[in-house]
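K.L.:
my questions are about this predicted structure, shown below with the sequence.
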Amino acid sequence: MVFTVSAKGLSKSFGRKQVLDKLDFEVGKGVTGLLGPNGAGKTTLLRCLATALRPDHGHITAFGLDASDRSQRTELRRRLGYLPQDPGLYGHFTVARMVGYIAILKEITGRRQREEEVGRVLAEVDLTEHASTKVKKLSGGMRQRLGIAAALVGDPDFLILDEPTVGLDPVQRMRFRELVSALGESKVVLLSTHQTEDIAAVCGRVLVFSAGKIVFDGDTGGLGPTVEHGYLRLLA
Ligand SMILES: Nc1ncnc2c1ncn2[C@@H]1O[C@H](COP(=O)(O)OP(=O)(O)OP(=O)(O)O)[C@@H](O)[C@H]1O
């Protein structure tokens, strides 16, 4: 089985603004970071890859499944976990109920199996002791961790994380880096962030975006002495 996700000739415009401009890339197992200034098109690309947004042109294929084909897209969705920038969490649900609900959407229908999965993903993000807390009572960083837990439900092969470290305190950021590094050993992980230190710490590869095009694709060492230095130089 091909364990890669690829985009070929991917373009997307909103009105007259071209946000993705004929992108071509392939990512395999490991953690790949997306870096780019505000408005560069990172979220648009991640939404296309998560099959939440249709590109105007081009093809997305994941694990040999064609995202433009309805039945293959359904199969692809079973294999992906997506943390959007604004995960739609229900404030009046408890943390466990919220994740349990996601588990139902991900077709984990057996009650015991669902409870085990909820317990597993909450432990991954250090939220076990808040399982009974209402979502609306969580801090911003805890909500972010809940969003990450939701993306991990069902142990997806392809994990898409849009600014996953926003709002995390230093301890949780460190925990997150360890978690993502471990996940990258068996999964395709794509994450967007403005934190160049996160990229340097966890990403084997980085794609730098500018105005809808990839202006750098390589390992973090290829950016120069530091990721931040190389990134700023590319955008200058
Ligand atoms: N649904 C939409 N309708 C119209 N324009 C949109 C829509 N979604 C995104 N855009 C525009 O597309 C461009 C790229 O946005 P996108 O959110 O993909 O960038 P980004 O790189 O993720 O930025 P940030 O770092 O600020 O999150 C922006 O100019 C944005 O205003």
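P.N.:
Here it is on my side, so go on.
K.L.:
is it correct that residue 213 is in contact with residue 21?
P.N.:
Yes - at 5.1 Å, residue 213 counts as touching residue 21 under the criterion of Cβ atoms under 8 Å. In short, each C-beta sits where N, CA and C put it, glycine included.
K.L.:
between the two, what contacts are shared?
P.N.:
In terms of Cβ atoms under 8 Å, 6 or more residues apart in numbering, residue 213 and residue 21 are not both contacted by any residue.
K.L.:
what about the helices in the protein?
P.N.:
With DSSP state H, the ranges of helices along the chain come out as 42-49, 70-78, 95-105, 111-124, 140-152, 170-183, 196-202, 227-235.
K.L.:
contact residues of this structure facing the ligand?
P.N.:
Neighbours of the ligand within the chain, by Cβ under 6 Å from any ligand atom: 14, 17, 19, 36, 38-44.
K.L.:
next step: these restricted to strands.
P.N.:
14, 17, 19 (DSSP state E).
K.L.:
buried sites along the least confident helix or strand in the chain by mean pLDDT?
P.N.:
Lowest on mean pLDDT, DSSP states H and E among the helices and strands of the chain sits helix 227-235, with a mean of 82. Across helix 227-235, burial judged by 16 or more other Cβ atoms under 10 Å covers 227-228, 230-231, 234.
K.L.:
and for stretch 13-21?
P.N.:
Residues 18-21 are the ones in stretch 13-21 that count as buried (16+ other Cβ under 10 Å).
K.L.:
closest one of the residues you listed to the ligand?
P.N.:
The nearest member of the buried residues of stretch 13-21 to the ligand, counting by Cβ to the nearest ligand atom, is residue 19 at 4.2 Å.
K.L.:
you'd agree the closest one is up against residue 10?
P.N.:
No - the pair residue 19 and residue 10 does not pass the contact test of Cβ under 8 Å, sitting 10.5 Å apart.
K.L.:
burial measure for residue 189, as a count.
P.N.:
Residues contacting residue 189 under the criterion other Cβ atoms under 10 Å number 27.
K.L.:
likewise the one 5 residues further on?
P.N.:
Burial of residue 194 is recorded as 15 neighbouring residues (other Cβ under 10 Å).
K.L.:
distance to residue 56 added to the helices of the chain, as a markdown table?
P.N.:
Shown next, in a markdown table, are the helices of the chain (distance: least, Cβ to Cβ, whole Å):
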| stretch | distance to residue 56 |
| --- | --- |
| helix 42-49 | 10 |
| helix 70-78 | 17 |
| helix 95-105 | 28 |
| helix 111-124 | 35 |
| helix 140-152 | 26 |
| helix 170-183 | 31 |
| helix 196-202 | 29 |
| helix 227-235 | 26 |
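K.L.:
quick one: low-confidence parts of this structure?
P.N.:
The chain contains residues with pLDDT under 70 at 1.
K.L.:
could you chop it up by domain?
P.N.:
Domain assignment for the chain, taken from automatic domain parsing, gives 1-79+156-236, 87-155.
K.L.:
run the chain-centre distance for the shortest one.
P.N.:
Spelled out, that is domain 87-155. How far domain 87-155 lies from its chain's middle: 17 Å, per Cα atoms, centre = their mean, to the nearest Å.
K.L.:
repeat for the longest one
P.N.:
In terms of Cα atoms, centre = their mean, the centre of domain 1-79+156-236 is found 7 Å from the chain centre.
K.L.:
can we start the residue count at 721 from this point?
P.N.:
Shifting the count to begin at 721 puts that one at domain 721-799+876-956.
K.L.:
helices or strands up against the least confident helix or strand of the chain?
P.N.:
helix 916-922, strand 925-930, strand 933-939 (3 or more Cβ pairs under 8 Å, 6 or more residues apart in numbering; DSSP states H and E).
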